[in-house]
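Enquirer: Fold the following, please.
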Amino acid sequence: QVQLVESGGGLVQAGGSLRLSCAASGRTFNHFAMGWFRQPPGKERAFIAGISPSGVDTQYADSVKGRFTISRDNTKNTVNLQMNSLKPEDTAGYYCAARFGHISLFSMNYGDWGQGTQVTVSA
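Expert: Numbers count the residues shown, from 1 in each chain. Have a look, this model is predicted:
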């Protein structure tokens with residue numbers, strides 16, 4: 001089990017940038033794939049980025065590809081999401097999640113979740 005705490009959300013104008021961080025507890029962080037999901041108001045939670053336990057492999061949703069970058073530091077037990085060229089449609093609650101093994105696109109496959117951080121992009 002991994003405990004996760006997100007930070008870095010806030011209000012930003014369209015075209016701006018934010019960097020989200022997720023701090024994980026636990027001694028086996030480098031055994032877990034990490035994912036970032038987001039949930040706009042009234043919509044389902046959706047996968048936006050994932051990174052393998054080693055950090056070598058990454059996956060992105062088409063909606064964020066080329067604008068968002070996921071990274072991790074296994075020495076610090078952190079995973080980050082750099083978000084550039086933000087759009088109003090990026091407004092959502094953002095959640096990091098962990099699962100043992102490889103990346104999954106499906107939230108049901110992640111067993112550990114953070115509490116979320118709000119990102120609001122104004123037009």
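Enquirer: Quick one: residues contacting the residue nearest the centre of the chain.
Expert: Among the residues of the chain, the one closest to the centroid is residue 36, at 2.3 Å (C-alpha atoms, centre = their mean). Neighbouring residues of residue 36 by C-beta atoms under 8 Å, 6 or more residues apart in numbering: 20, 22, 47-50, 68, 70, 79, 81, 94-97. For every residue, glycine as well, the C-beta is placed using N, CA and C.
Enquirer: redo that, cut-off 6 Å
Expert: Listed by C-beta atoms under 6 Å, 6 or more residues apart in numbering, the contact partners of residue 36 are 48-49, 81, 96.
Enquirer: and if you look at residue 14?
Expert: Residues near residue 14 by C-beta under 6 Å, 6+ apart: 87-88, 121, 123.
Enquirer: how about 10 Å then?
Expert: 85-90, 121-123 (C-beta atoms under 10 Å, 6 or more residues apart in numbering).
Enquirer: so of the contacts of residue 36, which ones are in strands?
Expert: Cross-referencing the contacts of residue 36 against strands under DSSP state E gives 48-49, 81, 96.
Enquirer: mind checking how far the residue nearest to the centre of the chain is from residue 27?
Expert: Using C-beta to C-beta, to the nearest Å, residue 36 is found at 23 Å from residue 27.
Enquirer: do residue 42 as well
Expert: The value you get for residue 42 to residue 27, if C-beta to C-beta is used, is 39 Å.
Enquirer: quick one, which of these two is more surrounded?
Expert: Taking other C-beta atoms under 10 Å, residue 42 and residue 27 do not tie; residue 27 has more neighbours (8 against 5).
Enquirer: doesn't residue 77 make contact with the more buried one?
Expert: Yes - counting by C-beta atoms under 10 Å, residue 77 is a contact partner of residue 27 at 9.0 Å.
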